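Chemist: Turn this into a model:
(chains A and B)
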Amino acid sequence: MQEILAAVSEWLLPLLIAGIMITGFAKRIPIYNTFVDGAKSGFGTAIRLIPHLIAMMVAVSVFRASGAMGYLIQWLEPVLHFLHIPPEVAPMGLLRPISGMGSLALMTDIFKTHGPDSWLGQLASTMQAASDTTLYVVTVYFGSVGIRKMRYALKVGLLADLASVIGSVLAVYILLGPMPK
Amino acid sequence: MIDFIWLLLFCAGLVTAVFTGKVGAVSEAVLGGAESGVELAIGLVSVIAFWLGIMNIAEKAGLVEILARWLRPIGRFLYPSVPPDHPAMGSILANMSANILGLGNAATPLGLKAMQELQTLNEDKETASDAMCTLLAINTASITLIPTTVIAVRMQYGSAHPTSVVSTTLLATTIGTIAAVILDRLFRRWSKRRR
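Modeler: Residues are numbered from 1 along each chain as shown, chains lettered A, B, ... in the order given. The predicted structure is shown next:
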């Protein structure tokens, strides 16, 4: 089961890329130039991330180096134990709905300490990928059409984020097995 | 909100450092953090550029429209208050398709277009309609097939299998989205009862 899934993961990306190229070619699109056109904007996108990443990386590094992160994890331990969430990823789960850049900074932090291919590294990756920044989505979407009363939307969004965290833990447990001791 | 979180992270760290006597480590963390922020962004250039290139082909080839056609029955189930032939349904499905393909840049404008068209169906222009709340719930949990940014960061930190998280992400986002849809329905029922 696990080997099949690993193979699916490995093959999915190249096959998807090939599929997109072939579809484009079949539809008589100048695929090479279309690719270059799209890729051009990649540089700008990455550069635009720099200020956000610096801001968040500094705050997160200070929070961790001072030992504050350790205290937070210790404090949350009983609840996390009940939900089977490893305490190391808890700060990420808390930050994910508020700031995508902040949780990305915490994810790279886990990569540095435990490695991207470790069980925790894969869980952190899944958590980062599994949800969107709720606060941003709610503000931008409702703001764009002038909605003032958002009813239960924020509550549902935040509860769905909690469900995504639990879903990530569950997915990693099911596909990779329990956390190695 | 973001101002508060940023300040909190920094000041909580500083206060703790005073008690743990790690003020020196904090100064180092400031410079080190800034440096890794730049490193991370520069490292992301290659994968982001490649992916935006491929996705530009996908967009021009009409893959979003193809996927949106497949999702039509799901759309009818999720948005019973939106007439199936209304332009709002088209934008909703296009937004969902772009999210699934990991086309973050395309998903947001399509989602905003869906909001505008839902607003034309909305009776009270200042209060969110049922369909708007559902659109939000699904967008915050969003099913993802290819988590592009995460794969890029994994590559940068020397992962031997950067794409190994595709299967876990797909399962996790499916669980999250189902939970979001159920929560949305529950809260909708409760809000109706209260009126």
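Chemist: Give the other helices and strands that the lengthiest helix in chain A contacts.
Modeler: Longest helix in chain A, counting residues (DSSP state H): helix A:31-65. Identification of packing neighbours for helix A:31-65 by 3 or more Cβ pairs under 8 Å, 6 or more residues apart in numbering or on different chains; DSSP states H and E yields helix A:2-26, helix A:100-114, helix B:2-20, helix B:23-60. Placement of C-beta: from N, CA and C, glycine included.
Chemist: Name the residues of that helix that come out as buried.
Modeler: Using 16 or more other Cβ atoms under 10 Å in any protein chain shown as the burial criterion, the residues of helix A:31-65 that qualify are A:31, A:34-35, A:38-39, A:42, A:45-46, A:49-50, A:52-65.
Chemist: mind putting the helices and strands packed on helix A:31-65 in CSV, distance to B:Gln116, mean neighbour count and mean pLDDT included?
Modeler: Conversion of those to CSV gives the following (distance: least, Cβ to Cβ, whole Å; neighbours: other Cβ atoms under 10 Å in any protein chain shown; pLDDT from 0 to 100):
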stretch, distance to B:Gln116, mean neighbour count, mean pLDDT
helix A:2-26, 29, 14, 82
helix A:100-114, 24, 22, 91
helix B:2-20, 26, 16, 87
helix B:23-60, 20, 19, 86
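Chemist: Which other helices and strands does the strand or helix carrying A:Pro78 contact?
Modeler: Following DSSP states H and E, the helix or strand that holds A:Pro78 is helix A:68-83. With contacts taken as 3+ Cβ pairs under 8 Å, 6+ apart, helix A:68-83 sits against helix A:90-95, helix B:2-20.
Chemist: Run through who's touching that helix.
Modeler: The set of residues external to helix A:68-83 that reach it, using Cβ atoms under 8 Å, 6 or more residues apart in numbering or on different chains, is A:63, A:86-88, A:90-91, A:166, A:169, B:12-13, B:15-17.
Chemist: among these, which two are most distant?
Modeler: In these, the most distant members under the criterion Cβ to Cβ are A:Ile166 and B:Ala17, with 32.7 Å between them.
Chemist: ok, A:Glu10 - contacts?
Modeler: Taking Cβ under 8 Å, 6+ apart as the criterion, A:Glu10 is in contact with B:161, B:163-164.
Chemist: Mind doing that once more with 7 Å?
Modeler: Contact analysis of A:Glu10 by Cβ atoms under 7 Å, 6 or more residues apart in numbering or on different chains lists B:Thr163.
Chemist: what do you get for A:Arg64?
Modeler: A:Asp109.
Chemist: Quick check: it vs B:Ser159, distance?
Modeler: Per Cβ to Cβ, to the nearest Å, A:Arg64 is found 21 Å from B:Ser159.
Chemist: Phi and psi next, for the residue in chain A sticking out farthest from the centre.
Modeler: In chain A, the greatest distance from the average C-alpha position (Cα atoms, centre = their mean) is reached by A:Arg28, at 35.4 Å. Dihedral angles phi and psi of A:Arg28 (degrees, to the nearest 10) take the values phi 60, psi 40.
Chemist: Distance of it relative to chain B?
Modeler: Per Cβ to the nearest Cβ, to the nearest Å, A:Arg28 is found 10 Å from chain B.
Chemist: how much space between that residue and B:Lys60?
Modeler: In this view, A:Arg28 and B:Lys60 are 11 Å apart by Cβ to Cβ.
Chemist: again, but for A:Ile98
Modeler: Separation of A:Ile98 from B:Lys60 (Cβ to Cβ) stands at 35 Å.
Chemist: Check the gap between B:Thr173 and A:Val79 for me.
Modeler: Going from B:Thr173 to A:Val79 by Cβ to Cβ gives 24 Å.
Chemist: was I right about B:Phe10 contacting A:Ala59?
Modeler: Yes: here B:Phe10 reaches A:Ala59: they are 4.9 Å apart, a contact under Cβ atoms under 7 Å.
Chemist: how far off helix A:2-26 does the helix or strand harbouring A:Ala160 point, in degrees?
Modeler: Using DSSP H and E, A:Ala160 maps to helix A:153-176. For helix A:153-176 and helix A:2-26, the angle between their directions (axes from the mean of the first three to the mean of the last three Cα atoms, to 10 degrees) works out to 120 degrees.
Chemist: What is helix A:153-176 packed up against?
Modeler: For helix A:153-176, the helices and strands in contact under the criterion 3 or more Cβ pairs under 7 Å, 6 or more residues apart in numbering or on different chains; DSSP states H and E are helix A:119-130, helix A:134-145, helix B:130-141, helix B:165-194.
Chemist: Nearest to B:Ser81, out of the ones you listed?
Modeler: Nearest to B:Ser81 among the helices and strands packed on helix A:153-176 is helix B:130-141 (5.2 Å), distances taken as Cβ to Cβ.
Chemist: ok now the helix or strand following that closest one, how far from the chain's centre?
Modeler: On the C-terminal side of helix B:130-141, the closest following helix or strand by DSSP H and E is helix B:148-156. Once both centres are worked out by Cα atoms, centre = their mean, to the nearest Å, helix B:148-156 turns out to sit 16 Å from its chain's centre.
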